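Enquirer: quick one, structure for this:
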Amino acid sequence: MKNNIKKLRAQHHMTQDQLAELLAVSRQTIISLEKEKYNPSIILAFKLASVFNCQIEDIFIYEEENNE
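Expert: Numbers count the residues shown, from 1 in each chain. From the prediction side, this is the model:
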């Protein structure tokens, strides 16, 4: 799933380590999220929205899969 985590993290002047600490996850989780290789749990999505003071929809871009 596409996301704006890296952009939001930069706007908030945060390192991957700082964001990981705030979310109680590993830096590797942040890396995987930013590379769009991992979709977070709904709880982690809400935590991200809280940290960035925005809506989940502002972070994640849902694209329907085309199964044709």
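Enquirer: contacts and neighbour counts: CA atoms only from here.
Expert: Fine.
Enquirer: helices along this protein, start to end?
Expert: Secondary structure of the chain (DSSP state H): helices at 5-11, 16-23, 27-34, 42-52, 56-59.
Enquirer: flag the shaky bits of the protein, pLDDT-wise.
Expert: 66-68 (pLDDT under 70).
Enquirer: can you rerun that using 80?
Expert: Along the chain, the model assigns pLDDT under 80 to residues 64-68.
Enquirer: of the helices of the chain, which is nearest E65?
Expert: For those, the distance to E65 is smallest for helix 56-59, at 17.6 Å, taking CA to CA.
Enquirer: any idea how many residues pack against S50?
Expert: Other residues lying near S50 total 13 when counted by other CA atoms under 10 Å.
Enquirer: that older thread, output the helices of the chain in CSV, with distance to E65 appended to each entry.
Expert: Rendered in CSV, the data for these read as follows (distance: least, CA to CA, whole Å):
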stretch, distance to E65
helix 5-11, 21
helix 16-23, 29
helix 27-34, 19
helix 42-52, 19
helix 56-59, 18
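Enquirer: so how far is E34 from the residue lying closest to D58 once chain neighbours are set aside?
Expert: Excluding the flanking residues, the one nearest D58 by CA to CA, 6 or more residues apart in numbering is N4, at 7.6 Å. Computed as CA to CA, to the nearest Å, the N4 to E34 distance reads 8 Å.
Enquirer: of those two, who's got more company?
Expert: In this comparison of N4 against E34, neighbours counted by other CA under 10 Å, the higher total goes to E34 at 19 against 15.
Enquirer: that one contacts R9, doesn't it?
Expert: No - using CA atoms under 8 Å, E34 and R9 do not qualify as a contacting pair, with a distance of 9.9 Å.
Enquirer: which residues are in contact with I61?
Expert: 1-3 (CA atoms under 8 Å, 6 or more residues apart in numbering).
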